[in-house]
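Q: The sequence and its predicted three-dimensional model are supplied below.
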Amino acid sequence: MNNKSFISELSQRMGYTQDDTQKMVNTIIDSMNDCFQKGDVVSIPKFGTFEVKKRLERIVVNPGTKQRMLVPPKLVLGFKPIASLKEKVKNGGQG
């Protein structure tokens, strides 16, 4: 589903115009981005939790040249869905 169809579906469900719905979605995303920049966890009930995690420095090997390289530590965004959503996706939407 692309952004246009998502906003269209959401606006129909909520009873708002597509412009107002797009503004609301953008506001939510901007707020979440602000939280991620601060390192905060964003938990959405009945959906899941977004969390910024630090991935440690590690050594990887290039399979072609067998050269070892050091990958520096970095921050990554992780998502952990709630158990019922995870199970529903696992079962192909049934459940």
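A: Great, that's in hand.

Q: All the helices of this protein, residue numbers only.
A: Here the chain has its helices, by DSSP state H, at 3-14, 18-38, 83-90.

Q: now those as a markdown table including distance to Gln67, mean pLDDT and mean neighbour count?
A: The C-beta positions use only the backbone N, C-alpha and C, and glycine is treated the same way. Formatted as a markdown table, the helices of the chain follow (distance: least, CB to CB, whole Å; pLDDT from 0 to 100; neighbours: other CB atoms under 10 Å):
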| stretch | distance to Gln67 | mean pLDDT | mean neighbour count |
| --- | --- | --- | --- |
| helix 3-14 | 41 | 95 | 13 |
| helix 18-38 | 34 | 96 | 13 |
| helix 83-90 | 38 | 90 | 11 |
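
Q: Distance to Leu77 added to the ones you listed, as a markdown table?
A: A markdown table is the format used below for the helices of the chain (distance: least, CB to CB, whole Å):
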| stretch | distance to Leu77 |
| --- | --- |
| helix 3-14 | 19 |
| helix 18-38 | 6 |
| helix 83-90 | 18 |
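
Q: which stretch among those comes nearest Asn62?
A: Judged by CB to CB, the one of the helices of the chain that comes nearest to Asn62 is helix 18-38, at 31.2 Å.

Q: CA-only coordinates of that closest one, as PDB, when you get a sec.
A: The C-alpha trace of helix 18-38 is given here as PDB (Å, rounded to 0.1, in the frame of the first residue of the first chain):
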ATOM      1  CA  GLN A  18      -7.400  13.600   2.700                       C
ATOM      2  CA  ASP A  19      -5.500  16.900   3.300                       C
ATOM      3  CA  ASP A  20      -6.400  16.900   7.000                       C
ATOM      4  CA  THR A  21      -5.500  13.200   7.300                       C
ATOM      5  CA  GLN A  22      -2.100  13.700   5.600                       C
ATOM      6  CA  LYS A  23      -1.400  16.600   8.000                       C
ATOM      7  CA  MET A  24      -2.200  14.400  11.000                       C
ATOM      8  CA  VAL A  25       0.000  11.500   9.700                       C
ATOM      9  CA  ASN A  26       2.800  14.000   9.100                       C
ATOM     10  CA  THR A  27       2.500  15.400  12.600                       C
ATOM     11  CA  ILE A  28       2.600  11.900  14.100                       C
ATOM     12  CA  ILE A  29       5.700  11.000  12.100                       C
ATOM     13  CA  ASP A  30       7.400  14.300  13.000                       C
ATOM     14  CA  SER A  31       6.600  13.700  16.700                       C
ATOM     15  CA  MET A  32       8.000  10.200  16.500                       C
ATOM     16  CA  ASN A  33      11.100  11.400  14.800                       C
ATOM     17  CA  ASP A  34      11.700  13.900  17.600                       C
ATOM     18  CA  CYS A  35      11.400  11.100  20.200                       C
ATOM     19  CA  PHE A  36      13.800   9.000  18.300                       C
ATOM     20  CA  GLN A  37      16.400  11.800  18.100                       C
ATOM     21  CA  LYS A  38      16.200  12.100  21.900                       C
END
